[in-house]
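Participant: Output the structure for:
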Amino acid sequence: MFSTKSFDVVSFNSELSTARLETSANVQTTEIVYTADETQSTETRSIGIQTVNGQKTDVQVDYDKLAKFLKKVTPGILEALDEAYATNAFDDYNPNVTEASSANIELLKKISTPKEPDTQIKISDLSWSTVGGTLTVGLSHTYHEAWCDHLSTVQLYNLTTEDNVIDVPIRTLETNGCVTTLCYHPTEPSILAAGLSNWDVLIWNLRNDSVVPMHVCTHGDCVSQVCWRPRSVNDVTLLLSSSRDGYILIHKLTANFTTVQLHKRFKIVKERNPVENARPRSAGGSERAAEAGLCITSFDFSPKHPSIFIVGTLCGGIYKCSLDSITPIEGDATLIDPVIDEYERHGGSITCIKCSPLRNLFVSSATDKEIRIYNLDEHVSHQTISVDNTIVGLTWMIGNQDIFAVYGAGACVKFYNVTDGKPVTYAKVEVTGKESISSLCINSKR
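Facilitator: This is a model prediction of the structure:
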(Lines give C-alpha, C1' and ligand atoms only; values in the text may rest on other atoms or scores of the structure.)
Protein backbone atom coordinates (compact mmCIF):
# COMPACT_ATOMS: atom_id res chain seq x y z
CA MET A 1 0.00 0.00 0.00
CA PHE A 2 2.81 2.44 0.80
CA SER A 3 6.06 2.77 -1.19
CA THR A 4 9.35 4.72 -0.66
CA LYS A 5 10.75 7.18 -3.22
CA SER A 6 13.69 9.61 -3.15
CA PHE A 7 13.87 12.96 -4.95
CA ASP A 8 16.72 15.31 -5.72
CA VAL A 9 17.34 18.37 -3.48
CA VAL A 10 16.22 21.72 -4.90
CA SER A 11 17.75 24.96 -3.48
CA PHE A 12 17.70 28.80 -4.11
CA ASN A 13 19.71 31.78 -2.88
CA SER A 14 18.13 34.38 -0.54
CA GLU A 15 18.55 38.12 -1.35
CA LEU A 16 18.04 41.05 1.11
CA SER A 17 17.41 44.60 -0.33
CA THR A 18 18.57 47.58 1.78
CA ALA A 19 17.36 50.39 -0.56
CA ARG A 20 14.43 52.60 0.71
CA LEU A 21 11.77 54.34 -1.31
CA GLU A 22 12.10 58.13 -0.91
CA THR A 23 9.59 60.84 -1.96
CA SER A 24 10.19 64.61 -2.03
CA ALA A 25 7.27 67.00 -1.00
CA ASN A 26 6.92 70.78 -0.32
CA VAL A 27 5.11 72.13 2.83
CA GLN A 28 3.89 75.81 3.01
CA THR A 29 2.86 77.49 6.28
CA THR A 30 0.17 80.25 6.62
CA GLU A 31 1.49 83.78 6.92
CA ILE A 32 1.17 85.19 10.41
CA VAL A 33 -0.49 88.64 10.63
CA TYR A 34 0.33 90.91 13.54
CA THR A 35 -2.02 93.79 14.78
CA ALA A 36 -1.50 96.38 17.49
CA ASP A 37 -4.42 97.87 19.63
CA GLU A 38 -4.20 100.82 21.96
CA THR A 39 -5.28 100.25 25.54
CA GLN A 40 -6.52 103.07 27.81
CA SER A 41 -6.45 102.62 31.53
CA THR A 42 -9.37 103.75 33.73
CA GLU A 43 -8.80 106.83 35.82
CA THR A 44 -9.81 106.49 39.46
CA ARG A 45 -10.31 109.11 42.10
CA SER A 46 -10.61 108.82 45.83
CA ILE A 47 -13.02 111.07 47.76
CA GLY A 48 -13.09 111.29 51.45
CA ILE A 49 -16.40 111.57 53.37
CA GLN A 50 -16.59 112.78 56.88
CA THR A 51 -19.67 112.12 59.03
CA VAL A 52 -20.80 114.24 61.90
CA ASN A 53 -22.07 112.63 65.03
CA GLY A 54 -25.56 113.97 65.77
CA GLN A 55 -26.39 114.98 69.26
CA LYS A 56 -29.54 113.28 70.56
CA THR A 57 -31.83 115.46 72.56
CA ASP A 58 -34.18 114.21 75.20
CA VAL A 59 -37.87 114.90 74.34
CA GLN A 60 -39.78 116.30 77.23
CA VAL A 61 -43.27 114.75 77.47
CA ASP A 62 -45.98 116.21 79.64
CA TYR A 63 -47.73 113.03 80.64
CA ASP A 64 -50.41 114.91 82.53
CA LYS A 65 -51.52 116.75 79.37
CA LEU A 66 -51.37 113.51 77.36
CA ALA A 67 -53.55 111.74 79.90
CA LYS A 68 -55.99 114.65 79.87
CA PHE A 69 -56.19 114.54 76.05
CA LEU A 70 -56.73 110.78 75.95
CA LYS A 71 -59.39 111.04 78.59
CA LYS A 72 -61.18 113.63 76.46
CA VAL A 73 -61.13 111.78 73.11
CA THR A 74 -61.51 108.19 74.28
CA PRO A 75 -65.34 108.26 74.81
CA GLY A 76 -65.91 109.62 71.29
CA ILE A 77 -63.61 107.05 69.72
CA LEU A 78 -65.27 104.21 71.60
CA GLU A 79 -68.70 105.49 70.56
CA ALA A 80 -67.62 105.62 66.89
CA LEU A 81 -66.23 102.08 67.12
CA ASP A 82 -69.49 100.85 68.64
CA GLU A 83 -71.47 102.43 65.79
CA ALA A 84 -69.18 100.86 63.20
CA TYR A 85 -69.47 97.41 64.75
CA ALA A 86 -71.40 94.96 62.52
CA THR A 87 -71.83 97.63 59.83
CA ASN A 88 -72.74 96.61 56.28
CA ALA A 89 -70.58 99.28 54.68
CA PHE A 90 -68.33 96.60 53.20
CA ASP A 91 -71.06 94.28 51.92
CA ASP A 92 -70.25 95.00 48.27
CA TYR A 93 -66.55 95.55 48.81
CA ASN A 94 -64.35 93.76 46.29
CA PRO A 95 -60.63 93.86 47.13
CA ASN A 96 -59.69 92.84 43.57
CA VAL A 97 -60.20 96.26 42.01
CA THR A 98 -57.96 98.35 39.83
CA GLU A 99 -59.22 101.78 40.79
CA ALA A 100 -56.45 103.88 42.25
CA SER A 101 -58.80 106.64 43.32
CA SER A 102 -60.29 107.11 46.74
CA ALA A 103 -63.34 108.97 47.95
CA ASN A 104 -63.78 110.75 51.25
CA ILE A 105 -67.39 111.52 52.12
CA GLU A 106 -68.22 113.63 55.15
CA LEU A 107 -71.54 114.71 56.60
CA LEU A 108 -71.46 118.51 56.80
CA LYS A 109 -74.99 119.35 57.88
CA LYS A 110 -78.33 117.78 58.65
CA ILE A 111 -81.36 119.95 57.96
CA SER A 112 -84.70 119.04 59.46
CA THR A 113 -87.75 120.51 57.79
CA PRO A 114 -90.57 121.75 60.03
CA LYS A 115 -93.17 119.11 60.76
CA GLU A 116 -96.85 119.72 61.27
CA PRO A 117 -99.02 117.51 63.48
CA ASP A 118 -101.03 114.78 61.73
CA THR A 119 -99.19 115.34 58.43
CA GLN A 120 -96.42 113.46 56.66
CA ILE A 121 -94.10 115.79 54.78
CA LYS A 122 -91.26 114.68 52.51
CA ILE A 123 -88.54 116.45 50.54
CA SER A 124 -89.69 116.02 46.95
CA ASP A 125 -86.80 117.70 45.15
CA LEU A 126 -83.50 119.56 45.64
CA SER A 127 -81.73 122.09 43.44
CA TRP A 128 -78.48 124.03 43.78
CA SER A 129 -78.27 127.54 42.37
CA THR A 130 -76.11 128.16 39.32
CA VAL A 131 -73.23 129.57 41.38
CA GLY A 132 -73.62 126.87 44.04
CA GLY A 133 -74.30 129.20 46.97
CA THR A 134 -77.97 128.40 47.61
CA LEU A 135 -79.68 125.08 48.27
CA THR A 136 -83.38 125.00 47.42
CA VAL A 137 -85.62 122.40 49.07
CA GLY A 138 -89.08 121.53 47.75
CA LEU A 139 -91.61 120.03 50.17
CA SER A 140 -94.60 117.81 49.48
CA HIS A 141 -97.16 115.71 51.31
CA THR A 142 -96.46 112.01 51.15
CA TYR A 143 -99.95 110.89 50.12
CA HIS A 144 -102.64 112.41 47.90
CA GLU A 145 -106.05 110.79 47.92
CA ALA A 146 -107.47 113.16 45.32
CA TRP A 147 -106.85 116.68 44.02
CA CYS A 148 -103.87 118.35 45.70
CA ASP A 149 -105.01 121.39 47.66
CA HIS A 150 -102.17 121.38 50.19
CA LEU A 151 -100.27 124.52 51.03
CA SER A 152 -96.59 123.79 50.66
CA THR A 153 -93.28 125.70 50.62
CA VAL A 154 -89.95 126.01 48.84
CA GLN A 155 -87.13 126.75 51.30
CA LEU A 156 -83.80 128.39 50.43
CA TYR A 157 -80.65 127.77 52.50
CA ASN A 158 -77.35 129.61 52.11
CA LEU A 159 -74.03 127.81 51.85
CA THR A 160 -71.20 129.67 53.57
CA THR A 161 -67.65 129.95 52.31
CA GLU A 162 -66.66 127.25 54.82
CA ASP A 163 -69.15 124.86 53.13
CA ASN A 164 -71.57 125.04 56.04
CA VAL A 165 -75.33 125.26 55.53
CA ILE A 166 -77.13 127.58 57.90
CA ASP A 167 -79.77 126.07 60.19
CA VAL A 168 -82.74 128.19 59.12
CA PRO A 169 -83.84 129.08 55.58
CA ILE A 170 -83.02 132.58 54.39
CA ARG A 171 -86.23 132.63 52.39
CA THR A 172 -89.46 130.66 52.20
CA LEU A 173 -91.63 130.62 49.08
CA GLU A 174 -95.23 129.54 49.56
CA THR A 175 -97.11 127.47 47.00
CA ASN A 176 -100.76 126.45 46.70
CA GLY A 177 -99.81 122.87 45.89
CA CYS A 178 -97.17 120.29 46.73
CA VAL A 179 -93.86 120.75 44.96
CA THR A 180 -92.88 117.93 42.59
CA THR A 181 -89.86 119.33 40.75
CA LEU A 182 -87.41 122.27 40.92
CA CYS A 183 -84.88 123.65 38.46
CA TYR A 184 -82.63 126.72 38.53
CA HIS A 185 -81.87 128.57 35.33
CA PRO A 186 -78.43 127.45 34.00
CA THR A 187 -77.06 131.00 33.60
CA GLU A 188 -79.34 133.24 35.68
CA PRO A 189 -78.86 132.33 39.36
CA SER A 190 -81.94 134.26 40.48
CA ILE A 191 -84.47 132.45 38.25
CA LEU A 192 -86.13 129.37 39.76
CA ALA A 193 -88.82 127.20 38.12
CA ALA A 194 -91.09 124.74 39.91
CA GLY A 195 -93.75 122.20 39.00
CA LEU A 196 -96.61 121.39 41.38
CA SER A 197 -98.98 118.53 42.07
CA ASN A 198 -101.93 120.81 41.26
CA TRP A 199 -100.74 120.94 37.61
CA ASP A 200 -99.21 124.46 37.78
CA VAL A 201 -95.76 125.59 36.60
CA LEU A 202 -94.34 128.65 38.40
CA ILE A 203 -91.26 130.89 38.09
CA TRP A 204 -89.68 133.09 40.79
CA ASN A 205 -87.26 135.95 40.21
CA LEU A 206 -85.38 135.90 43.50
CA ARG A 207 -83.92 139.36 42.90
CA ASN A 208 -87.32 140.85 43.60
CA ASP A 209 -88.47 141.36 47.15
CA SER A 210 -91.88 140.04 46.24
CA VAL A 211 -92.41 136.32 46.83
CA VAL A 212 -95.33 136.14 44.39
CA PRO A 213 -94.37 133.78 41.54
CA MET A 214 -95.18 134.21 37.87
CA HIS A 215 -97.63 131.63 36.54
CA VAL A 216 -96.36 129.93 33.37
CA CYS A 217 -99.03 127.35 32.52
CA THR A 218 -101.40 124.71 33.82
CA HIS A 219 -101.13 121.11 32.64
CA GLY A 220 -103.85 118.48 32.60
CA ASP A 221 -102.25 116.45 35.37
CA CYS A 222 -99.43 116.47 37.93
CA VAL A 223 -96.22 118.11 36.63
CA SER A 224 -93.46 115.50 36.48
CA GLN A 225 -90.47 117.66 35.45
CA VAL A 226 -89.37 121.17 34.50
CA CYS A 227 -86.19 121.82 32.55
CA TRP A 228 -84.42 124.77 30.97
CA ARG A 229 -83.29 124.00 27.45
CA PRO A 230 -79.51 124.26 26.98
CA ARG A 231 -79.07 127.17 24.61
CA SER A 232 -76.34 128.91 22.66
CA VAL A 233 -75.72 132.62 22.10
CA ASN A 234 -78.71 134.66 20.85
CA ASP A 235 -81.17 131.83 21.52
CA VAL A 236 -84.42 132.61 23.30
CA THR A 237 -84.76 131.11 26.77
CA LEU A 238 -87.04 128.06 26.64
CA LEU A 239 -88.67 126.33 29.60
CA LEU A 240 -89.93 122.78 29.09
CA SER A 241 -92.43 121.16 31.43
CA SER A 242 -93.79 117.62 31.25
CA SER A 243 -96.87 116.16 32.87
CA ARG A 244 -98.49 112.83 33.53
CA ASP A 245 -101.09 113.76 30.91
CA GLY A 246 -98.53 112.99 28.19
CA TYR A 247 -97.87 116.60 27.17
CA ILE A 248 -94.61 118.55 27.02
CA LEU A 249 -95.17 122.31 26.87
CA ILE A 250 -92.41 124.65 25.70
CA HIS A 251 -92.60 128.33 26.66
CA LYS A 252 -90.49 131.31 25.59
CA LEU A 253 -89.45 133.76 28.28
CA THR A 254 -88.55 137.30 27.25
CA ALA A 255 -88.25 140.80 28.71
CA ASN A 256 -86.02 139.71 31.58
CA PHE A 257 -88.23 136.72 32.43
CA THR A 258 -91.36 138.83 32.80
CA THR A 259 -93.18 137.69 29.66
CA VAL A 260 -94.22 134.12 28.88
CA GLN A 261 -95.37 132.85 25.50
CA LEU A 262 -96.34 129.31 24.48
CA HIS A 263 -93.87 128.14 21.84
CA LYS A 264 -94.72 124.49 21.10
CA ARG A 265 -96.96 121.68 22.35
CA PHE A 266 -95.64 118.13 22.22
CA LYS A 267 -97.53 114.96 23.00
CA ILE A 268 -96.45 111.34 23.38
CA VAL A 269 -99.50 109.63 21.88
CA LYS A 270 -100.86 106.44 23.39
CA GLU A 271 -100.31 104.56 20.13
CA ARG A 272 -96.61 104.42 21.10
CA ASN A 273 -97.61 101.84 23.70
CA PRO A 274 -98.21 98.46 21.99
CA VAL A 275 -101.16 97.79 24.31
CA GLU A 276 -102.84 101.11 23.50
CA ASN A 277 -102.05 100.77 19.80
CA ALA A 278 -104.38 97.78 19.59
CA ARG A 279 -107.42 99.94 20.35
CA PRO A 280 -109.76 100.78 17.44
CA ARG A 281 -109.31 104.25 15.97
CA SER A 282 -112.14 106.76 15.67
CA ALA A 283 -113.31 107.84 12.20
CA GLY A 284 -112.38 111.49 12.42
CA GLY A 285 -109.32 111.10 14.62
CA SER A 286 -110.11 114.15 16.74
CA GLU A 287 -111.22 111.96 19.64
CA ARG A 288 -107.79 110.32 19.90
CA ALA A 289 -106.02 113.66 19.52
CA ALA A 290 -107.98 115.23 22.36
CA GLU A 291 -107.36 112.52 24.93
CA ALA A 292 -104.37 112.32 27.22
CA GLY A 293 -101.12 110.78 26.01
CA LEU A 294 -98.71 108.40 27.68
CA CYS A 295 -97.81 109.38 31.23
CA ILE A 296 -94.39 111.11 31.09
CA THR A 297 -92.23 110.44 34.14
CA SER A 298 -88.83 111.82 33.09
CA PHE A 299 -86.88 113.39 30.22
CA ASP A 300 -83.41 114.75 29.62
CA PHE A 301 -81.48 116.54 26.85
CA SER A 302 -78.38 115.20 25.15
CA PRO A 303 -75.36 117.53 25.54
CA LYS A 304 -74.00 116.13 22.26
CA HIS A 305 -77.18 117.06 20.33
CA PRO A 306 -78.94 120.13 21.85
CA SER A 307 -82.21 119.49 19.99
CA ILE A 308 -82.46 115.81 21.00
CA PHE A 309 -84.07 114.71 24.27
CA ILE A 310 -85.01 111.29 25.68
CA VAL A 311 -88.46 110.71 27.24
CA GLY A 312 -89.42 107.95 29.68
CA THR A 313 -93.02 106.93 30.37
CA LEU A 314 -95.07 105.12 32.99
CA CYS A 315 -95.64 102.14 30.68
CA GLY A 316 -91.88 101.52 30.37
CA GLY A 317 -91.40 103.03 26.91
CA ILE A 318 -88.31 105.11 26.09
CA TYR A 319 -88.52 107.52 23.15
CA LYS A 320 -85.99 109.61 21.25
CA CYS A 321 -87.52 113.02 20.56
CA SER A 322 -86.52 116.18 18.69
CA LEU A 323 -87.37 119.82 19.26
CA ASP A 324 -87.31 120.27 15.49
CA SER A 325 -90.05 117.71 14.84
CA ILE A 326 -92.95 119.02 12.73
CA THR A 327 -95.20 115.93 12.58
CA PRO A 328 -98.73 117.06 13.58
CA ILE A 329 -101.04 114.82 15.54
CA GLU A 330 -104.28 114.02 13.73
CA GLY A 331 -107.02 116.50 14.36
CA ASP A 332 -104.81 119.28 15.75
CA ALA A 333 -102.13 121.02 13.69
CA THR A 334 -100.78 122.87 16.74
CA LEU A 335 -100.02 119.61 18.54
CA ILE A 336 -96.80 117.87 17.44
CA ASP A 337 -95.52 114.33 17.90
CA PRO A 338 -91.83 114.76 18.85
CA VAL A 339 -90.89 111.05 18.70
CA ILE A 340 -88.35 110.15 16.00
CA ASP A 341 -87.23 106.76 17.34
CA GLU A 342 -87.87 104.20 20.09
CA TYR A 343 -85.63 102.12 22.35
CA GLU A 344 -85.94 98.73 24.01
CA ARG A 345 -88.69 98.93 26.63
CA HIS A 346 -88.31 98.36 30.36
CA GLY A 347 -90.44 95.82 32.19
CA GLY A 348 -91.69 98.49 34.61
CA SER A 349 -92.35 102.21 34.86
CA ILE A 350 -89.46 104.54 34.04
CA THR A 351 -88.37 106.47 37.12
CA CYS A 352 -85.46 108.51 35.75
CA ILE A 353 -83.47 109.20 32.56
CA LYS A 354 -80.10 110.99 32.42
CA CYS A 355 -77.94 111.67 29.34
CA SER A 356 -74.18 111.40 29.71
CA PRO A 357 -72.40 114.79 29.76
CA LEU A 358 -69.39 113.34 27.90
CA ARG A 359 -70.55 110.43 25.76
CA ASN A 360 -73.29 109.56 23.30
CA LEU A 361 -75.01 107.51 26.02
CA PHE A 362 -77.94 107.77 28.40
CA VAL A 363 -78.94 105.83 31.53
CA SER A 364 -82.44 104.77 32.54
CA SER A 365 -83.92 103.31 35.72
CA ALA A 366 -87.32 101.68 36.25
CA THR A 367 -89.50 99.88 38.75
CA ASP A 368 -88.36 96.53 37.29
CA LYS A 369 -85.20 97.03 39.44
CA GLU A 370 -82.97 97.46 36.42
CA ILE A 371 -80.56 100.19 35.35
CA ARG A 372 -79.84 100.24 31.63
CA ILE A 373 -77.17 102.02 29.61
CA TYR A 374 -78.12 102.92 26.04
CA ASN A 375 -76.31 104.40 23.06
CA LEU A 376 -78.43 107.19 21.57
CA ASP A 377 -78.04 105.68 18.10
CA GLU A 378 -78.89 102.06 19.00
CA HIS A 379 -82.22 100.56 19.98
CA VAL A 380 -80.95 97.86 22.35
CA SER A 381 -79.23 98.63 25.66
CA HIS A 382 -75.47 98.11 26.02
CA GLN A 383 -75.50 97.17 29.70
CA THR A 384 -78.15 96.04 32.17
CA ILE A 385 -77.52 96.38 35.90
CA SER A 386 -79.81 94.49 38.28
CA VAL A 387 -80.32 96.05 41.72
CA ASP A 388 -81.99 94.91 44.93
CA ASN A 389 -84.20 97.97 45.42
CA THR A 390 -86.17 100.22 43.10
CA ILE A 391 -84.12 103.18 41.87
CA VAL A 392 -86.01 106.49 41.73
CA GLY A 393 -83.21 108.84 40.67
CA LEU A 394 -79.88 109.13 38.85
CA THR A 395 -77.32 111.93 38.87
CA TRP A 396 -73.88 112.46 37.35
CA MET A 397 -70.87 113.13 39.54
CA ILE A 398 -68.38 115.97 39.15
CA GLY A 399 -64.69 115.31 38.55
CA ASN A 400 -65.08 111.97 36.79
CA GLN A 401 -68.27 112.48 34.79
CA ASP A 402 -68.35 108.83 33.71
CA ILE A 403 -69.53 108.01 37.25
CA PHE A 404 -73.22 108.26 38.10
CA ALA A 405 -74.99 107.86 41.44
CA VAL A 406 -78.23 105.93 42.00
CA TYR A 407 -80.65 106.20 44.92
CA GLY A 408 -84.15 105.14 45.82
CA ALA A 409 -85.89 102.59 48.02
CA GLY A 410 -82.71 101.61 49.85
CA ALA A 411 -80.77 103.59 52.42
CA CYS A 412 -77.58 103.64 50.29
CA VAL A 413 -76.36 105.77 47.44
CA LYS A 414 -74.32 103.62 45.07
CA PHE A 415 -72.06 104.59 42.20
CA TYR A 416 -71.48 103.01 38.78
CA ASN A 417 -69.22 103.62 35.79
CA VAL A 418 -71.17 104.27 32.58
CA THR A 419 -68.39 102.89 30.35
CA ASP A 420 -68.66 99.31 31.63
CA GLY A 421 -71.61 99.29 34.04
CA LYS A 422 -69.44 98.11 36.94
CA PRO A 423 -70.01 99.42 40.48
CA VAL A 424 -67.50 101.83 41.96
CA THR A 425 -66.58 100.01 45.13
CA TYR A 426 -64.41 102.68 46.71
CA ALA A 427 -67.35 105.09 47.20
CA LYS A 428 -70.60 104.47 49.02
CA VAL A 429 -72.98 106.65 51.01
CA GLU A 430 -75.36 105.23 53.57
CA VAL A 431 -78.04 107.34 55.21
CA THR A 432 -78.58 105.88 58.65
CA GLY A 433 -82.10 105.72 60.01
CA LYS A 434 -83.72 106.14 56.57
CA GLU A 435 -85.65 103.58 54.56
CA SER A 436 -85.47 105.45 51.27
CA ILE A 437 -83.90 108.49 49.59
CA SER A 438 -86.24 110.75 47.64
CA SER A 439 -83.79 113.24 46.11
CA LEU A 440 -80.09 113.79 45.48
CA CYS A 441 -78.44 116.87 43.97
CA ILE A 442 -74.72 117.44 43.33
CA ASN A 443 -73.21 120.92 43.79
CA SER A 444 -71.00 121.36 40.70
CA LYS A 445 -69.39 124.57 42.00
CA ARG A 446 -68.08 123.36 45.37
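Participant: So the protein: which segments form each domain?
Facilitator: Domain assignment for the chain, taken from automatic domain parsing, gives 119-267, 309-326+339-446.
Participant: so residue 271 sits in a strand?
Facilitator: No - Residue 271 is assigned helix when assessed by DSSP: H, G, I helix; E, B strand; the rest coil, not a strand.
Participant: Could you check how many residues crowd around it?
Facilitator: Number of residues near residue 271 (other CB atoms under 10 Å) recorded here: 16. Every residue, glycine included, has its C-beta placed from N, CA and C.
Participant: Let me see the confidence value for it.
Facilitator: Note for residue 271: predicted pLDDT of 86.
Participant: do residue 207 as well
Facilitator: Here the pLDDT value assigned to residue 207 is 87.
Participant: Over to the one 10 residues further on?
Facilitator: The score at residue 217 is 95. That number is its pLDDT.
Participant: was I right about it contacting residue 240?
Facilitator: No - in this structure, residue 217 is not within contact of residue 240 by CB atoms under 8 Å, at 11.0 Å.
Participant: who has more neighbours, these two?
Facilitator: More neighbours surround residue 240 than the other of residue 217 and residue 240, with 23 against 17 (other CB under 10 Å).
Participant: So the more buried one belongs to a helix, correct?
Facilitator: No - assessed by three-state DSSP, residue 240 does not belong to a helix; its assignment is strand.
Participant: Quickly list what it is bridged to.
Facilitator: Beta-bridge pairing of residue 240 under DSSP bridges involves residue 227, residue 250.
Participant: Could you dump the domains of the chain into a markdown table and include distance to residue 112?
Facilitator: Shown next, in a markdown table, are the domains of the chain (distance: least, CB to CB, whole Å):
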| stretch | distance to residue 112 |
| --- | --- |
| domain 119-267 | 9 |
| domain 309-326+339-446 | 12 |
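Participant: quick one on the thing from earlier: which neighbours do residue 217 and residue 240 have in common?
Facilitator: Residues touching both residue 217 and residue 240 (CB atoms under 8 Å, 6 or more residues apart in numbering): residue 249.
Participant: Which one, of the domains of the chain, ends up nearest to residue 79?
Facilitator: Closest approach to residue 79 among these is made by domain 309-326+339-446 (13.9 Å; CB to CB).
Participant: Do me a favour and get the end-to-end distance for the closest one?
Facilitator: End-to-end distance for domain 309-326+339-446, by CA to CA, to the nearest Å: 28 Å.
Participant: tell me the helices in this structure, going along the chain?
Facilitator: 63-84, 274-277, 286-290 (DSSP state H).
Participant: Residue 298 and residue 350 touch, don't they?
Facilitator: Yes - the pair residue 298 / residue 350 is scored as a contact, 5.9 Å apart, by CB under 8 Å.
Participant: so what's in contact with those two at the same time?
Facilitator: Common neighbours of residue 298 and residue 350 (CB under 8 Å, 6+ apart) are residue 312.
Participant: neighbours around residue 251, how many?
Facilitator: 20.
Participant: Would you check how far apart it and residue 439 are?
Facilitator: Noted for residue 251: a distance of 25 Å to residue 439, by CB to CB, to the nearest Å.
Participant: check contacts around residue 375.
Facilitator: 360-361, 382.
Participant: which of those lies closest to residue 424?
Facilitator: The shortest approach to residue 424 among the contacts of residue 375 belongs to residue 361, at 16.6 Å (CB to CB).
Participant: Just the buried ones out of the contacts of residue 375, please.
Facilitator: Neighbour-count burial (16 or more other CB atoms under 10 Å) is assigned, among these, to residue 361.
Participant: who wins for proximity to residue 74 among the domains of the chain?
Facilitator: Here domain 309-326+339-446 is closest among these (CB to CB), at 22.9 Å.
Participant: what's the distance between that closest one and the middle of its chain?
Facilitator: Its chain's C-alpha centre and that of domain 309-326+339-446 lie 8 Å apart, by CA atoms, centre = their mean, to the nearest Å.
Participant: Could you shift the numbering so residue one becomes 237, and keep it that way?
Facilitator: Understood, numbering begins at 237; the last thing we discussed is domain 545-562+575-682.
Participant: Residue 628: neighbour count?
Facilitator: 19.
Participant: For it, which non-adjacent residue is closest in space?
Facilitator: residue 644 (4.0 Å; CB to CB, 6 or more residues apart in numbering).
Participant: which ones are touching that neighbour?
Facilitator: Contacts for residue 644 (CB under 8 Å, 6+ apart) come out as 587, 601, 625-629, 672-673.
Participant: Dig out what it forms beta bridges with.
Facilitator: Beta-bridge pairing for residue 644 (DSSP bridges): residue 627.
Participant: so what's residue 530 up against?
Facilitator: Residue 530 is in contact with 482, 504-506, 508-509, 512, 549-551, 553, counting by CB under 8 Å, 6+ apart.
Participant: and the residues you listed, which are buried?
Facilitator: Neighbour-count burial (16+ other CB under 10 Å) applied to the contacts of residue 530 gives 482, 504-506, 508-509, 549-551, 553.
Participant: quick one: residue 629 from residue 499, how far?
Facilitator: Per CB to CB, residue 629 is found 28 Å from residue 499.
Participant: Neighbour count for those two, which is higher?
Facilitator: Between residue 629 and residue 499, counting by other CB under 10 Å, residue 629 is the more crowded of the two (20 against 16).
Participant: Isn't the more buried one up against residue 586?
Facilitator: No - assessed by CB under 8 Å, residue 629 is found out of contact with residue 586, at 11.8 Å.
Participant: residues shared between the contacts of the two?
Facilitator: Common neighbours of residue 629 and residue 586 (criterion: CB under 8 Å, 6+ apart): residue 601.
Participant: if we can go back for a sec, confidence-wise, which of the helices of the chain is weakest overall?
Facilitator: The weakest mean pLDDT among those belongs to helix 522-526, with a mean of 55.
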